[in-house]
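Trainee: Return atomic coordinates for the entry below.
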Amino acid sequence: MAIYVDADACPVKAEAERVATRHRQTLYLVSNGGLRPSDNPLVEMVYVTEGPDEADKWIAARASRGDVVVTNDIPLAARCVEAGAHVVKPNGEALTQANIGPALATRDLMTDLRAADPFRQGGGRPFSRADRTRFLDGLERAIREAAK
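Mentor: Numbers count the residues shown, from 1 in each chain. All right, here's what the predicted structure looks like:
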């Protein structure tokens, strides 16, 4: 089992490292750069080339059955779910075969709405302590399921 984190703009890298360390699992933090290396021997920093979706491509090429992926990127999540990996969003929500289709449809709809109305820009709510707690719980569940 490996844990892959789409680390660019991921708010739960430290939490993922703590959980991976507790379970003695390798954690890959994949980014375009700009992340401080970890001293933890279980954490591998992967720096991909600059460009759109390079980190996503790297993760999707490696994630497979029994792995866990942490990402907010719905198309990447869909590819990983299709490969049999367990996917957890930073807010703790699990993305599975049962809910990835509606998640992709919602993402596409929101993309179209933003394109149709350039003044419709919204950031959503800030990431909270409760989100971090839900992530820790969701990652624990994903790791236990992946280990089965």
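Trainee: What's the separation between E44 and P102?
Mentor: E44 is 33 Å from P102, where distance means CB to CB, to the nearest Å. Yep, even glycine has a C-beta here, placed from its N, CA and C like the rest.
Trainee: In terms of neighbours, single out the busier of those two.
Mentor: E44 (15 against 9; other CB atoms under 10 Å).
Trainee: Was I right to think that one contacts L29?
Mentor: Yes. At 7.3 Å, E44 and L29 qualify as touching, with contact defined as CB atoms under 8 Å.
Trainee: pLDDT below threshold where in the protein?
Mentor: 107-115, 118, 120-124 (pLDDT under 70).
Trainee: how does it look with 90?
Mentor: Residue ranges of the chain with pLDDT under 90: 8-9, 33-36, 50-53, 97, 99-128, 147-148.
Trainee: Could you pull out the strands in it for me?
Mentor: Using DSSP state E, the strands of the chain run over 2-6, 26-31, 43-47, 68-70, 86-88, 94-95.
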